[in-house]
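Peer 1: My questions are about this predicted structure, shown below with the sequence.
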Amino acid sequence: MLDSMAFVVFLIIASLAFDFLNGFHDSANSISTVVSTRVLSPKYAVVWAAFFNFVAVFFVGTAVAHTVGKGIINIDIVDNLVILSALGGAIIWNITTWYYGLPSSSSHALIGGLIGAGIAKGGVSTLVWSGIIKTTLFIILSPMIGLILGYFFMAISFNLNRHSNIARTDKIYRKLQLFSAAVYSLGHGMNDAQKTMGIIAMALFSKGLIGNIFHIPIWVIFACYAMISMGTMFGGWRIVKTMGTKITKLQPIGGFSAETAAACSIIGASIGGIPVSTTHTITGAIVGVGASKRLSAVRWGVAGSIVWAWILTIPISAFISAATYFFILPLIR
């Protein structure tokens, strides 16, 4: 059954379901700041974010999808069971962290799923260390870059408005935050939609359905952008509360600075083909914005629990995917 064409179709549907869940889970990344500052209501914020998630299809190539598709595990050992197990590990971890309101990384859950399934199938030798090192390095670098840029943009914004009153500054930055939220949502779509593209292309390539050269079919590109946008429309409201209010108190000037900082980091990574965590980046940017006022403005206990979720994402999703592989394997022999 696992080798049938019908199962390939099932894997594509499961991959698109993960893409939807990615958008649902990471909706908070795109809208938490603009909602918490009351620039947009939740209803309009998700529409705004979803639209720009999809529009990203016209702005970037598929470098990240290629990294996921052939830069984490050796593509020669990939079969339907490996892909199914990887998706299982990622989806289970995503649902768990959503339930507890933790803004973990859908991207790293998928990377962990691939690692666990790859090791279960062919051992550690199946891992592509160059891609894994590049990805895991940015677990540290992406929130740090977000934090530094968030601090920088907030300091610049404060300096530019030091002679302005609060009401006038809020009015200006409420408008600017619409722009920054749109650019951030573009970056989110650029990076996160491509991860599912890589999985679907991997499934198609392993069956010889896209020829002998690994590439991303155009229909896969549009389907993945459409599904992540739909997921964003539904929104992961539990995580919105954590991101928008529990880390630090945001005003429009802070929301603009955080979104702009995260957008710069994510778009740069997308161009470089690095599958970063949009969750890590925007969280780091929010912390940077809070720290620019004073260190006590950041609720470091909440930030610490989020960091633990980041650290555990890859190993736990890898463990779940490997367990899934070994559970299903005897059933299909």
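Peer 2: Thanks, I have the structure now.
Peer 1: which regions of the stretch 1-150 of the chain sit below the pLDDT cut-off?
Peer 2: Applying pLDDT under 70 to the stretch 1-150 of the chain picks out residues 1-3, 28-30, 101-103.
Peer 1: For it, which segments count as helices?
Peer 2: Assignment of helices within the stretch 1-150 of the chain using DSSP state H, counting those that start in this stretch yields the ranges 5-36, 42-55, 63-70, 80-99, 106-122, 129-160.
Peer 1: Mind checking these for the one nearest to residue 284?
Peer 2: The closest of these to residue 284 is helix 129-160. By C-beta to C-beta, the value is 3.1 Å. Backbone N, C-alpha and C define where each C-beta goes, glycine included.
Peer 1: just checking, what packs against the closest one?
Peer 2: If contacts are counted by 3 or more C-beta pairs under 8 Å, 6 or more residues apart in numbering; DSSP states H and E, helix 129-160 sits against helix 63-70, helix 106-122, helix 252-271, helix 278-293, helix 300-332.
Peer 1: how about those helices, which one is nearest residue 191?
Peer 2: helix 252-271 (4.7 Å).
Peer 1: mind saving the C-alpha coords of stretch 43-57 as CSV?
Peer 2: Provided in CSV are the C-alpha atoms of stretch 43-57 (Å, rounded to 0.1, in the frame of the first residue of the first chain):
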residue,chain,number,x,y,z
LYS,A,43,-10.6,39.4,12.2
TYR,A,44,-8.9,41.9,9.9
ALA,A,45,-5.4,41.1,11.0
VAL,A,46,-5.6,37.4,9.9
VAL,A,47,-7.0,38.5,6.5
TRP,A,48,-4.2,41.0,6.1
ALA,A,49,-1.5,38.5,7.1
ALA,A,50,-3.0,35.7,4.9
PHE,A,51,-3.1,37.9,1.9
PHE,A,52,0.5,38.8,2.1
ASN,A,53,1.5,35.2,3.0
PHE,A,54,0.1,34.2,-0.4
VAL,A,55,1.5,37.3,-2.3
ALA,A,56,5.0,36.1,-1.3
VAL,A,57,4.7,33.5,-4.1
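Peer 1: could we number from 64 for the rest of this?
Peer 2: Fine by me, first position is 64 from now on; the one you just mentioned is stretch 106-120.
Peer 1: Run through who's touching it.
Peer 2: By C-beta atoms under 8 Å, 6 or more residues apart in numbering, the residues outside stretch 106-120 that reach it are 86, 90, 93-94, 97-98, 103, 241, 244-246, 248-253, 256, 284-285, 288-289, 291-293, 295-298.
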